[in-house]
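Engineer: return atomic coordinates for the entry below.
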Amino acid sequence: MRYKVPARFWDDFSDRCPCDGDPEVEMPNEISRSGNRVLIEGTDSQIEWLRSDAAYYCHRWGPDECPPGLKTSAAATIRALAAPLT
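Structural biologist: Numbering: from 1, shown residues only. Next up, the predicted model:
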């Protein structure tokens, strides 16, 4: 499925994703960028990995030291993943 997600959280997730090189848990594919949005495509398990990471980051018990706006972008990512593109 395809989704438009915020670039801020996507870039952070992409930089630190522990799934690099693991064929079982590959990253969703970045299709294109437009402004502060990124069009991605992935399997259900890839998207769930991203959603789970975003949920951790936007939770009040998530990481304390985040770049400005990352928690807000994580919450926006969860909302974006609830609305796949057709």
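Engineer: which residues does the top helix by length along the chain contact?
Structural biologist: Looking across the chain with DSSP state H, the single longest helix is helix 44-58. Outside helix 44-58, the residues that touch it by C-beta atoms under 8 Å, 6 or more residues apart in numbering are 1, 3, 5, 9, 13, 17, 19, 25-28, 40, 42, 62-63, 66, 70-72, 74-75, 77-78, 81. (Each C-beta comes from the backbone N, C-alpha and C, glycine too.)
Engineer: filter the residues you listed down to the buried ones, ChimeraX style.
Structural biologist: Buried residues within these, by 16 or more other C-beta atoms under 10 Å, are selected in ChimeraX with:
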select :3,5,9,13,17,26,27,28,40,42,70,71,74,75,77,78,81
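Engineer: where in the chain is pLDDT low?
Structural biologist: For the chain, the stretches flagged by pLDDT under 70 are 18-25, 62, 86.
Engineer: now the strands for it?
Structural biologist: Secondary structure of the chain by DSSP state E: the strands cover 2-6, 29-34, 37-41.
Engineer: okay, these in JSON lines with distance to I47 next?
Structural biologist: Shown next, in JSON lines, are those (distance: least, C-beta to C-beta, whole Å):
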{"stretch": "strand 2-6", "distance to I47": "7"}
{"stretch": "strand 29-34", "distance to I47": "11"}
{"stretch": "strand 37-41", "distance to I47": "8"}
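Engineer: mean neighbour count, the ones you listed: which tops it?
Structural biologist: Highest mean neighbour count of these: strand 2-6, a mean of 21 (counted as mean count of other C-beta atoms under 10 Å).
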